[in-house]
Structures are given as C-alpha cells and as structure tokens.
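Novice: For reference, the sequence and a predicted model appear below.
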Amino acid sequence: MAGEDRTQRATARRREQARERGQIVRSRELPAALTLLGVAMLMRWGQSGWISVWRDLFRHLLTAVSHGEIASLALLMNLTAGNAVRWAAPPLVFAWCVSAFGLMAQGGFLFAPQAFGLNWERFNPANNVGRIFSLAGLSPLLKSLIPLSIVLYLFAAILMREWAHILNSSHMALPAALAWLFGILYELSWKAGLVLLFWSGLDYGIQYWNYERSLRMTTQEVRDEAKDTQGNPATRNRMRRRMRDVRRRLMLRQVARATVVITNPEEYAVALEYVPEKMPAPLVLAKGRGILAQKIKREARWYEVPIVENPPLAQALYRTVEVGATIPAKLYMAVAEVLAFIYRTQARVRAEKEARESKAAGSQPPKG
C-alpha cells in the first residue's frame, strides 16, 4: 500500500540489490584522515633518514662537479630524479596502503555496473545546474567547509604562536631551521588528521542512519520479496506436506523388518530392529504418535511383528531417538529386557509348535 509506513528492516536481498547499484555507506574523509595521520607518523620517524638522503645527494653532486665527472645535464637530472624517487616512494606507498585500508573498512572496493548505465538526463545542462545549486548538491560542499575551517584555524593558531621564530628564522642554522620546520609540519599534520578522523566518524554515522532509513521496507514489500525468492507460502506448505507424507510411507514400509514394536499402548509406537550379528545396538525404524502410531501397529500386525506394551519405554524412545538412529546407552537395559522377553516367547512358541508337530506325526497310523 502506498500509505503504509516503512517500519521493516531491509532484507539481505534488498541490501544486495542496493550494493549492486553502488549504494553503500562510505565516508570520503576517512581515507584522507588515515592517510594524513599515517604520513605524519612517517614524517616524524623518517625525518633524519630523508635529510641524509638529500645531504648525500648534494655532497655527491658537488664532488662530481668539482672533479668534472658530470658531463651532461641529463646525468645530473637522472641522479636527482633517482634520489627523489627514493625519498618519495616510501611515503607514497604507505599513503596508498593506508587509503586502501580505509576503503576496505567501509565495504571494500565496489564495482557496480548498474551505476554506470547510460542516462541522457545526466548530460542535460539544466539538470546539472539545478543539481549543483540544490540543497543536496551544496551539502557535500558545506560538509567539507566545516573541517576545512577548523584546519585553517589550527594553522592560523600555530602561525601566530611561531610568529617570533618566523621573523628570526634567518638567523637560525640550517639544521635547526629544518628541524623547526619539520616540527611545525608534523604538528599541523597530526592535528588536522585528528580533526578529519573525528569528522569522518560523525559523517559515517549520519550516512549510515540515512542509508538504513532509505532501505526500510513496508510489510507488503517483505511479503512480496519472500514470495519471489522462496515461492508462494501455500505452495511451500503443500510441498512440505507431500514430502512429509512420502517420508511417512517410507517409514511405514520399514516396519516389516522390525524385531519388536513398543507401544504406550494407544498414544505412542516405536518399531525397533536388532540383529545381534550385524548391529551394535537396536535401531529405530519408525516412530509415531496418535494416528501414525495406529498405522505402525497395523503394519506390525500385518507382518506379524511382536507388539509389546511398555509406556515408559515407548515415551522415552519417542522423545530421545530419531528415526534411523540407534538407541542411547541409558536405554540398553530396558530394551534388552523387552528383547529377551520376545526371544523367550518366540522360543516357547517354536517349542510348542515342534511338540505338536511331533505328536501329530506319532499319532498317525503307519502306512501299508
């Protein structure tokens, strides 16, 4: 219904469809904040190493020029470029790794072909101008101005604090001036990084809240999606009933192999099979309650399987053992007593039958 409130949380399928369209929660400031903090730490730890790289380069160049070893400008440029790469490669690689980590922490690298679909409305200048000057278009700019203003304030505060040193920097020795300059850059970098990190966390929380709201579904949408992905509920129930009937028919066929059927006597029925030479413990072939129990007993009478009434044992077997499983060790004694009773009864019946047959054979008059 169009007026129904969207109170249901998004399903897994709806989230997957949103991801396929390129809709994920991601703060653009988080990779920048992590990169800035990482580079600041690298500047702090590698400051002396970088200074030595350039000092060695200048010493080498001056020595080579004084001895006439550099014959062309190309060789001079190659030496400078090589040292520049040695100096810039570690922080650049480190910054790329930190930025990649920031992206992976926000859903990973995402390739959404649906987001690149050809839409001619995007090429309409009127729509683009309207989108730029709309509230939605200005919100990213406004969000960027807030942390930028804080960073500019920090820069101005550091500049005012160090103004006296700046005026007297011409009287400082070169190593001391470089150390002082690196200290200012380091302080500004880690403070700006913390500002961006805090702002990216706040931005991520707002985006996550809006994202969850946009994905909320109505009750009817949840039902329709369940019907599309899992089928009609009535059809599923009908298929489950058919599968249950098939399993019951297969189970009832197993009663013909049973050694004994233990009953409640009216409510429960459990069919057991035990072959001492082949089985370590009795096996449950079938079990049932109510109408199914009556069917099991009917099958047992049809195939002349002994039926024994033992209500406590029947209830225990029904509740603790599944069809196709062996009985637990705690029921061995009770089942063994029932089987022993069955074996004694069958042996007595066989003995009586053999006695009757032998008596009948002895009472017959000899032929001829």
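Specialist: Yes, it's here. All of these numbers come straight from a predicted model, not from anything done at the bench. Residues are numbered from 1 along each chain as shown.
Novice: alpha carbons only for contacts and neighbour counts from here, please
Specialist: Fine.
Novice: ok, now which ones touch the nearest residue to Arg9 once chain neighbours are set aside?
Specialist: Sequence neighbours aside, Arg216 is the residue nearest to Arg9 in space, at 5.1 Å (criterion: Cα to Cα, 6 or more residues apart in numbering). Residues in contact with Arg216 (Cα atoms under 8 Å, 6 or more residues apart in numbering) are Arg6, Thr7, Gln8, Arg9, Ala10.
Novice: quick one, phi/psi of Arg216?
Specialist: With angles defined as degrees, to the nearest 10, Arg216 sits at phi -60, psi 150.
Novice: And Ala281, which helix or strand is it part of?
Specialist: For Ala281, there is no host helix or strand (DSSP states H and E).
Novice: Hmm, Tyr274 and it touching each other?
Specialist: Yes: at 6.9 Å, Ala281 counts as touching Tyr274 under the criterion of Cα atoms under 8 Å.
Novice: what's the domain layout of the chain?
Specialist: 12-109+126-216, 254-360 (automatic domain parsing).
Novice: Give me whichever of these is most buried.
Specialist: Most buried of these, by mean neighbour count (mean count of other Cα atoms under 10 Å): domain 254-360, with a mean of 17.
Novice: which other helices and strands contact the longest helix that the chain contains?
Specialist: Longest among the helix segments of the chain by residue count, using DSSP state H, is helix 174-215. Packing partners of helix 174-215 (3 or more Cα pairs under 8 Å, 6 or more residues apart in numbering; DSSP states H and E): helix 29-45, helix 135-161.
Novice: out of these, nearest to Ala361?
Specialist: Between Ala361 and the helices and strands packed on helix 174-215, the tightest spacing by Cα to Cα is seen for helix 29-45, at 102.3 Å.
Novice: The protein: helices as residue ranges?
Specialist: 12-20, 29-45, 47-66, 73-104, 125-132, 135-161, 163-167, 174-215, 219-230, 233-253, 291-302, 311-320, 332-363.
Novice: Worst mean pLDDT among those helices?
Specialist: The weakest mean pLDDT among the helices of the chain belongs to helix 125-132, with a mean of 56.
Novice: Grab the CA positions of stretch 198-214 and hand them over as CSV.
Specialist: Listed next in CSV are the C-alpha coordinates belonging to stretch 198-214 (Å, rounded to 0.1, in the frame of the first residue of the first chain):
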residue,chain,number,x,y,z
PHE,A,198,36.6,12.8,14.1
TRP,A,199,34.6,14.4,11.3
SER,A,200,34.7,11.3,9.1
GLY,A,201,33.3,9.2,12.0
LEU,A,202,30.5,11.7,12.5
ASP,A,203,29.8,11.7,8.8
TYR,A,204,29.8,7.9,8.6
GLY,A,205,27.3,7.7,11.4
ILE,A,206,24.9,10.2,9.7
GLN,A,207,25.3,8.4,6.4
TYR,A,208,24.6,5.0,8.0
TRP,A,209,21.5,6.3,9.6
ASN,A,210,20.2,7.8,6.3
TYR,A,211,21.2,4.6,4.5
GLU,A,212,19.2,2.4,6.9
ARG,A,213,16.2,4.7,6.6
SER,A,214,16.3,4.6,2.8
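Novice: Please compute how far it lies from its chain's middle.
Specialist: Chain-centre distance of stretch 198-214: 21 Å, with Cα atoms, centre = their mean, to the nearest Å.
Novice: and if you look at stretch 290-307?
Specialist: 48 Å.
Novice: Now do that stretch: everything it contacts.
Specialist: 252, 255-256, 258-263, 266-271, 286-288, 342.
Novice: Next: stretch 261-280.
Specialist: The contact list for stretch 261-280 (Cα under 8 Å, 6+ apart) reads 255, 257-260, 281-290, 293-294, 296-297, 300, 305-315, 317-318.
Novice: Keeping just the C-alphas, turn that stretch into PDB.
Specialist: Output of stretch 261-280 as PDB, limited to C-alpha atoms (Å, rounded to 0.1, in the frame of the first residue of the first chain):
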ATOM      1  CA  VAL A 261       7.100 -52.600  18.300                       C
ATOM      2  CA  ILE A 262       6.900 -51.000  21.700                       C
ATOM      3  CA  THR A 263       3.700 -49.100  22.400                       C
ATOM      4  CA  ASN A 264       2.100 -46.800  25.100                       C
ATOM      5  CA  PRO A 265      -0.300 -48.600  24.200                       C
ATOM      6  CA  GLU A 266      -2.600 -46.100  22.400                       C
ATOM      7  CA  GLU A 267      -0.600 -42.900  22.000                       C
ATOM      8  CA  TYR A 268       3.000 -43.900  21.100                       C
ATOM      9  CA  ALA A 269       4.500 -46.600  18.900                       C
ATOM     10  CA  VAL A 270       8.200 -47.300  18.200                       C
ATOM     11  CA  ALA A 271       9.500 -50.000  15.900                       C
ATOM     12  CA  LEU A 272      12.900 -51.400  16.700                       C
ATOM     13  CA  GLU A 273      15.200 -53.700  14.700                       C
ATOM     14  CA  TYR A 274      18.000 -55.700  16.200                       C
ATOM     15  CA  VAL A 275      20.300 -58.300  14.500                       C
ATOM     16  CA  PRO A 276      22.900 -59.400  17.100                       C
ATOM     17  CA  GLU A 277      25.400 -60.400  14.500                       C
ATOM     18  CA  LYS A 278      25.300 -57.200  12.500                       C
ATOM     19  CA  MET A 279      24.200 -54.400  14.900                       C
ATOM     20  CA  PRO A 280      26.000 -53.000  18.000                       C
END
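Novice: Sweet, I'm off.
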